[in-house]
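Student: A structural model of the following input is requested.
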Amino acid sequence: MPGQRIGYIRVSSFDQNPERQLENISLNKVFTDKASGKDTKRPELEALLAFAREGDIVVVHSMDRLARNLDDLRRLVQMLTKRGIRIEFVKEGLNFTGEDSPMANLLLSVMGAFAEFERALIRERQREGIALAKKRGAYRGRKKALSPEQVVDLRQRAAAGEQKAALAREFGISRETLYQYLRSDDSGAP
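Tutor: Numbering: from 1, shown residues only. Down below sits the predicted model:
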């Protein structure tokens, strides 16, 4: 019995469109993460790793969707191929089976290194852009999740003993953000 074709999609933010990554590719099941690729602790990736069986084919749009650094990329590809799972990278046109030639392994390393290098350049340009914007007075940082009035209300209700998880859900913030607001001195910033 032939294995299943399993898609893995990752977008970094909730407003990105995940459908375009494996558009028009026939798949039996798709796992989609809306998370950073900086590490491999992603719920849908972990679910895919638990789900995939020998003979399956994992299809990913591009290497940088699976991992952002070379070590993670190589580790994931090896982990899958050692279990008899084939992996296909659509954009790069590369397939890995575990019985790959030295040239295929070289291509994995080179392409993975380029993806890692590209990500480092993006982060560097972002830092430079923020520094220049700060010098011009144009950078104000991220918009605050809560207004000063909401922060006062949040603090009063937390002090009165309301459950913090329920407060975080009601205000539409994470529990970590809630704790940052409770720890901060002023009413406008976490």
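Student: please count neighbours and contacts with C-alpha atoms only from this point.
Tutor: OK.
Student: okay, domains of this structure per the record?
Tutor: 5-112, 148-183 (automatic domain parsing).
Student: distance between the ends of the last one?
Tutor: Taking CA to CA, to the nearest Å as the measure, domain 148-183 stretches 14 Å from start to finish.
Student: ok, now the first one?
Tutor: From its first residue to its last, domain 5-112 covers 23 Å (CA to CA).
Student: checking the nearest residue to Thr81 once chain neighbours are set aside next. Helix, strand or coil?
Tutor: Spatially, and ignoring its direct neighbours in sequence, Thr81 is nearest to Gly98 (4.6 Å; CA to CA, 6 or more residues apart in numbering). Here Gly98 is recorded as coil under DSSP: H, G, I helix; E, B strand; the rest coil.
Student: contact partners for Gly98?
Tutor: 78, 81-82, 84, 86 (CA atoms under 8 Å, 6 or more residues apart in numbering).
Student: low-confidence ranges, the chain, go.
Tutor: Along the chain, the parts satisfying pLDDT under 70 run over 1, 13-16, 185-190.
Student: chain center to the longest helix belonging to the chain: distance?
Tutor: When the chain is parsed with DSSP state H, its longest helix is helix 102-136. Chain-centre distance of helix 102-136: 16 Å, with CA atoms, centre = their mean, to the nearest Å.
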